[in-house]
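Novice: sequence and predicted structure, then a few things I'm wondering about:
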Amino acid sequence: MYFGQRIHTSSNRLAHRLKEIRIPGRRVMVPAWCCAQVIGFVFGAGLTYAAFDLFSLYVPPLSSVAAPSLSCGERPMPLKAAGWLNGEPPPWSKLTGKVVVLDFWIDWCPYCHSMASYLVPIKRHFEKEGVVFISLTPDNEDVVRQFAAQYGIDWHMGWGAGEIVERYLGKDFSVLIVIGRDGRVVWNDGGARLQHRTDDAAPELFDQIKKAL
């Protein structure tokens, strides 16, 4: 309801300026809050449905989305991207003994944006424990740089990684994976962002990192 809420909030601000509505031949006083509610409902509902209709064009039904190919206990494949922001991550052989969070995302997914606002404080919380964060996307360099600047991301971010994302997931969509100290997968979120479970996935990720340390 983000888009609807924005319009609704804006209409409430305008409500303080609405004193009356003029009807030809008559002057009718209308409560300001009533005008705001009507404006918010009409525009808010319209934009909300339009936004989610557009989103549904990109996101296939959950039944047709492949589950993450990496299950618990498996070892991750070498990471490959066209380029890296904040430096290329070390090979897996040099990450043994560290907990690694792999974040597969794509810019058109609004839930990837909302998850980014959770990932930044989670990463800062585990900084002293040396947890490594790596993000990969099939998007281009400009998109990655803009995304990183928007959310203050300072970890390894690979762009043009469509091939490796497809090899990991089977589909170009968003998944979080936690790699344990032994170099094996200990958790993946099963595409929580596609299920619109960002608020649940973030605390679960936090708990899984703690468990892996």
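Specialist: The structure has been received and is ready for your questions.

Novice: average pLDDT for stretch 150-168?
Specialist: Average pLDDT, stretch 150-168: 91.

Novice: may I have it as PDB, with CA atoms only?
Specialist: Provided in PDB are the C-alpha atoms of stretch 150-168 (Å, rounded to 0.1, in the frame of the first residue of the first chain):
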ATOM      1  CA  GLN A 150      20.300   5.200  -2.400                       C
ATOM      2  CA  TYR A 151      20.700   2.800   0.500                       C
ATOM      3  CA  GLY A 152      24.300   3.400   1.600                       C
ATOM      4  CA  ILE A 153      25.500  -0.100   0.600                       C
ATOM      5  CA  ASP A 154      29.300  -0.600   1.100                       C
ATOM      6  CA  TRP A 155      29.700  -4.300   0.400                       C
ATOM      7  CA  HIS A 156      30.600  -6.200  -2.800                       C
ATOM      8  CA  MET A 157      28.000  -5.700  -5.500                       C
ATOM      9  CA  GLY A 158      28.200  -7.500  -8.800                       C
ATOM     10  CA  TRP A 159      26.400  -6.300 -11.900                       C
ATOM     11  CA  GLY A 160      25.700  -8.100 -15.200                       C
ATOM     12  CA  ALA A 161      25.600 -11.400 -13.300                       C
ATOM     13  CA  GLY A 162      22.600 -12.900 -15.100                       C
ATOM     14  CA  GLU A 163      24.400 -16.100 -15.900                       C
ATOM     15  CA  ILE A 164      25.500 -16.900 -12.400                       C
ATOM     16  CA  VAL A 165      22.100 -15.800 -11.000                       C
ATOM     17  CA  GLU A 166      20.400 -18.200 -13.400                       C
ATOM     18  CA  ARG A 167      22.800 -21.000 -12.400                       C
ATOM     19  CA  TYR A 168      22.100 -20.400  -8.700                       C
END
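
Novice: show me which positions of that stretch end up buried.
Specialist: I153, W155, H156, M157, G158, W159, G160, A161, G162, I164, V165, Y168 (16 or more other CB atoms under 10 Å). Heads up, the C-betas are built off the backbone N, CA and C, glycines and all.

Novice: can you put these in a markdown table and add secondary structure and distance to W84?
Specialist: Below are the buried residues of stretch 150-168 laid out as a markdown table (DSSP: H, G, I helix; E, B strand; the rest coil; distance: CB to CB, whole Å):
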| residue | secondary structure | distance to W84 |
| --- | --- | --- |
| I153 | coil | 12 |
| W155 | coil | 10 |
| H156 | strand | 6 |
| M157 | strand | 7 |
| G158 | strand | 5 |
| W159 | strand | 8 |
| G160 | coil | 10 |
| A161 | coil | 10 |
| G162 | helix | 15 |
| I164 | helix | 12 |
| V165 | helix | 15 |
| Y168 | helix | 17 |
